[in-house]
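J.: just need the structure, nothing else, for what follows:
(one chain, ligands or ions: 2)
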Amino acid sequence: MRRLKILMLAAEAAPLIKVGGLADVAGALPVALRKMGLDVRVMLPDNGLRVPAAYKARRLAGGVLAWDGRAERVTLRCLNVSGGLCYLVGGRPIARDGKVYGANMAGDLRKFVFFALAALRAAESLQFQPDVVHVHDAHPGAALYFLGTAGRVQRFWKFTAGVLTIHNLAYQFNDGAAALEAGGLAQCVDARIPVHARAGLLALGIAAADVVNTVSPSYAREIRRVEQGAGLQMLVRARGARVCGILNGLDGAVWNPATDAVLAAKFDVRRLARRRVNRDALRAELQLPAAAGPLFALVARLDWQKGLDLVLAVAPLLRVLGAQLVVLGSGSPEIAKQLRQLARAHPRAVAVRVGFDEALARRIYAGADVVLVPSRYEPCGLTQLIGMRYGAIPLVRATGGLADTVVDVNVDAVRGTGFVFSKYSAAALAAAVRRACKLFAERQAWQALQVRAMQADFSWKLPVQAYADLYARAVRIRRNGAAR
Ligand code: ADP
Ligand code: GLC
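T.: Ligands and ions are numbered 1, 2, ... in the order given. Got it, this is the predicted structure:
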């Protein structure tokens with residue numbers, strides 16, 4: 001079979017640009033797909049970031065895009081990242097301020113619509129005619145809208161299929177009318193899209209893509225209902241079987257405690273005792289004293305989604321149980337303030353670090369006993385997977401991908417890999433925390449749990465095959481001209 005050509009568009013991709021899990025997936029999936037023989041090129045917005053020399057950056061011609069009724073130059077930097085080609089696509093509407101997401105929505109809408117259309121123009125300049133344009137989340141959604149409208153009658157694009165992966169339905173980038181108009185795109189009249197989202201980058205992507213997936217089977221079901229549908233549940237339902245769920249993988253080379261250079265002691269299942277060195281070092285780094293109970297950790301964007309209000313409510317109990325807590329996160333200044341207050345009130349039990357710190361995150365996964373993920377909703381979640389790989393037991397709420405990846409050890413003692421609670425309440429979280437502390441005191445049972453968690457397979461092996469199948473399906477649909 002001919003080698004499929006995939007153009008992947010995202011706002012972030014590790015290791016170049018990372019804010020959250022989207023970057024982990026957009027970084028690792030191309031690597032896994034290339035191993036299967038697909039030709040995958042990744043394009044990211046060029047916000048002026050400094051690129052390390054190792055990526056061998058070179059400038060190429062990106063072409064010209066009609067924008068605001070005039071010819072706007074598209075800049076292009078080509079890099080070698082993780083064994084493949086990655087392009088940084090720039091131009092005047094994309095501020096060179098180093099920011100992935102800016103503070104102002106109107107500016108972001110212009111930046112991302114320009115990025116999406118400029119990326120397609122750059123592909124034409126490169127004579128890279130993809131079989132599939134794979135869009136991650138709302139940001140490059142205008143590319144799918146173009147493919148579904150004007151692109152249908154353009155020679156270069158008419159056979160290119162569009163695939164959308166929804167990582168988070170809540171970030172919709174609505175009110176993009178002015179930006180879409182600047183890019184010369186016609187107003188949308190699709191009655192399946194609620195009126196408030198007709199100029200929304202995510203909604204347009206959902207409606208226009210040949211196939212859509214989310215990052216776990218549970219979340220794919222949840223977004224059909226009003227509670228998690230974020231106002232787009234009817235549109236999602238209208239796409240019927242074209243919307244499916246593919247669980248994220250974890251890149252075992254990127255996340256590996258046996259080779260991780262920033263740890264105090266490298267370890268694996270056979271050298272689990274060495275993990276203690278990491279915990280001691282972590283406590284010292286965080287200025288926490290020794291303690292008999294487990295060290296709980298939470299690494300997350302500080303956002304309403306992540307359930308930090310429950311953690312704030314339960315923190316005093318941790319102290320009573322002789323346990324400790326470390327939180328690493330960046331995002332909402334209000335949540336950061338509350339967390340800092342908590343740490344000040346309980347300096348021997350709670351440590352809080354505000355900011356984005358990849359190395360500290362890794363030391364936390366390697367040194368903490370439990371990774372907390374009490375999210376209100378969670379499309380997939382990666383921190384519970386990273387925790388498992390590093391021997392930190394996940395304690396999660398049963399929602400989205402968390403429900404799909406963690407088996408409660410009190411429900412299934414043989415296959416259990418963590419602790420799961422259902423109701424979104426401090427009492428339910430507290431009960432799970434008590435269960436974790438109880439089992440932690442039983443050394444052998446805890447070790448057996450760690451080994452099971454570390455051996456659970458969340459590699460890209462299965463998901464990458466599912467994406468390859470998804471692409472093949474999208475191409476078939478596009479070629480046959482099936483109705484959306
Ligand atoms: P989301 O994508 O909703 O932010 P995920 O659990 O899918 O949540 O992914 C979060 C990713 O971002 C993980 O790789 C996690 O380690 C990382 N991360 C989140 N916050 C920080 C931070 N403050 N410092 C370093 N890494 C972080
Ligand atoms: C999103 C979700 C998270 C998911 C990540 C990667 O940001 O919030 O649950 O793991 O994308 O798909």
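
J.: what comes into contact with stretch 31-43?
T.: Outside of stretch 31-43, the residues that reach it under the criterion C-beta atoms under 8 Å, 6 or more residues apart in numbering are 3-10, 13, 26, 30, 81-89, 119, 122-123, 128, 130, 249, 251, 460, 463-465, 467-468, 471. Any C-beta I mention is one placed from the backbone N, CA and C, and that applies to glycine too.

J.: so how far is ligand 1 from the closest residue to ligand 2 within the stretch 51-200 of the chain?
T.: Using C-beta to the nearest ligand atom, His167 is the residue of the stretch 51-200 of the chain that sits closest to ligand 2, at 3.3 Å. For His167, the distance to ligand 1 under the criterion C-beta to the nearest ligand atom, to the nearest Å works out to 7 Å.

J.: in terms of pLDDT, where does that residue sit?
T.: As predicted, His167 sits at a pLDDT of 98.

J.: repeat that for the one 4 residues further on.
T.: Tyr171 carries a pLDDT value of 97.

J.: same thing with Ser459?
T.: pLDDT, the model's per-residue confidence, is 98 for Ser459.

J.: and Ala207, by the same measure?
T.: According to the per-residue confidence, Ala207 scores 98 in pLDDT.

J.: just the CA trace of stretch 399-419, in PDB.
T.: Provided in PDB are the C-alpha atoms of stretch 399-419 (Å, rounded to 0.1, in the frame of the first residue of the first chain):
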ATOM      1  CA  THR A 399     -14.500  10.000  35.000                       C
ATOM      2  CA  GLY A 400     -13.400  10.000  31.400                       C
ATOM      3  CA  GLY A 401     -10.000   8.400  30.800                       C
ATOM      4  CA  LEU A 402      -9.400   8.100  34.500                       C
ATOM      5  CA  ALA A 403     -12.200   5.500  34.700                       C
ATOM      6  CA  ASP A 404     -10.700   3.700  31.700                       C
ATOM      7  CA  THR A 405      -7.200   3.400  33.000                       C
ATOM      8  CA  VAL A 406      -7.300   2.800  36.800                       C
ATOM      9  CA  VAL A 407      -8.700  -0.400  38.500                       C
ATOM     10  CA  ASP A 408      -9.600   0.000  42.200                       C
ATOM     11  CA  VAL A 409      -7.500  -2.400  44.300                       C
ATOM     12  CA  ASN A 410     -10.300  -2.700  46.900                       C
ATOM     13  CA  VAL A 411     -12.700  -3.800  44.200                       C
ATOM     14  CA  ASP A 412     -10.300  -6.100  42.400                       C
ATOM     15  CA  ALA A 413      -7.400  -7.200  44.600                       C
ATOM     16  CA  VAL A 414      -5.700  -9.200  41.800                       C
ATOM     17  CA  ARG A 415      -5.800  -6.700  39.000                       C
ATOM     18  CA  GLY A 416      -6.100  -3.400  40.900                       C
ATOM     19  CA  THR A 417      -3.700  -0.600  40.100                       C
ATOM     20  CA  GLY A 418      -5.000   2.300  42.300                       C
ATOM     21  CA  PHE A 419      -7.800   3.900  44.100                       C
END
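
J.: so is that stretch next to ligand 1?
T.: No: if you take C-beta under 6 Å from any ligand atom as the test, stretch 399-419 misses ligand 1, and the best it gets is 8.1 Å.

J.: report the distance from that stretch to the chain centre.
T.: Using C-alpha atoms, centre = their mean, to the nearest Å, the distance from the centre of stretch 399-419 to the centre of the chain it belongs to is 21 Å.

J.: buried sites along it?
T.: Under the neighbour-count criterion of 16 or more other C-beta atoms under 10 Å, stretch 399-419 has 399-409, 416-419 buried.

J.: what's the answer for stretch 313-327, then?
T.: Along stretch 313-327, the positions that meet the burial threshold by neighbour count (16+ other C-beta under 10 Å) are Val314, Ala315, Leu318, Arg319, Leu321, Ala323, Gln324, Leu325, Val326, Val327.

J.: out of the residues you listed, which comes closest to Leu288?
T.: Proximity of those to Leu288, judged by C-beta to C-beta, is greatest for Gln324, which lies at 5.6 Å.

J.: wait, the closest one sits on Ala291?
T.: Yes: with contacts defined as C-beta atoms under 8 Å, Gln324 counts as touching Ala291 at a distance of 5.2 Å.

J.: tell me the SS of Lys111?
T.: The assignment at Lys111 comes out as helix when based on DSSP: H, G, I helix; E, B strand; the rest coil.

J.: what about it, how many residues nearby?
T.: 23 (other C-beta atoms under 10 Å).

J.: cool, the one 10 residues further on as well?
T.: The local packing of Arg121 (other C-beta under 10 Å) involves 19 other residues.

J.: what is the one helix or strand Val64 maps to packed up against?
T.: Counting by DSSP states H and E, the secondary-structure element that holds Val64 is strand 58-67. Under the contact definition 3 or more C-beta pairs under 8 Å, 6 or more residues apart in numbering; DSSP states H and E, strand 58-67 sits against strand 70-81, strand 84-90, helix 105-125.

J.: so can I have JSON lines of the ones you listed showing distance to ligand 2 and mean pLDDT?
T.: Written out in JSON lines, the entries for those read as follows (distance: least, C-beta to the nearest ligand atom, whole Å; pLDDT from 0 to 100):
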{"stretch": "strand 70-81", "distance to ligand 2": "18", "mean pLDDT": "98"}
{"stretch": "strand 84-90", "distance to ligand 2": "18", "mean pLDDT": "98"}
{"stretch": "helix 105-125", "distance to ligand 2": "16", "mean pLDDT": "97"}
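
J.: now the ones you listed in JSON lines, with distance to Pro217?
T.: Rendered in JSON lines, the data for those read as follows (distance: least, C-beta to C-beta, whole Å):
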{"stretch": "strand 70-81", "distance to Pro217": "30"}
{"stretch": "strand 84-90", "distance to Pro217": "28"}
{"stretch": "helix 105-125", "distance to Pro217": "28"}
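
J.: and the pLDDT at the residue in the chain that ligand 1 sits nearest to?
T.: Here the residue of the chain nearest ligand 1 is Gly21; by C-beta to the nearest ligand atom that distance is 2.1 Å. If you check Gly21, the pLDDT there is 97.

J.: related to what we said a few turns ago, what touches both of Gln324 and Ala291?
T.: Here Gln324 and Ala291 share the contacting residues Arg283, Ala349, scored by C-beta under 8 Å, 6+ apart.

J.: re earlier: excluding chain neighbours, what is closest to the residue of the chain closest to ligand 1?
T.: Using C-beta to C-beta, 6 or more residues apart in numbering and skipping the chain neighbours, the partner closest in space to Gly21 is Leu382 (4.4 Å).

J.: good, we can wrap up now.
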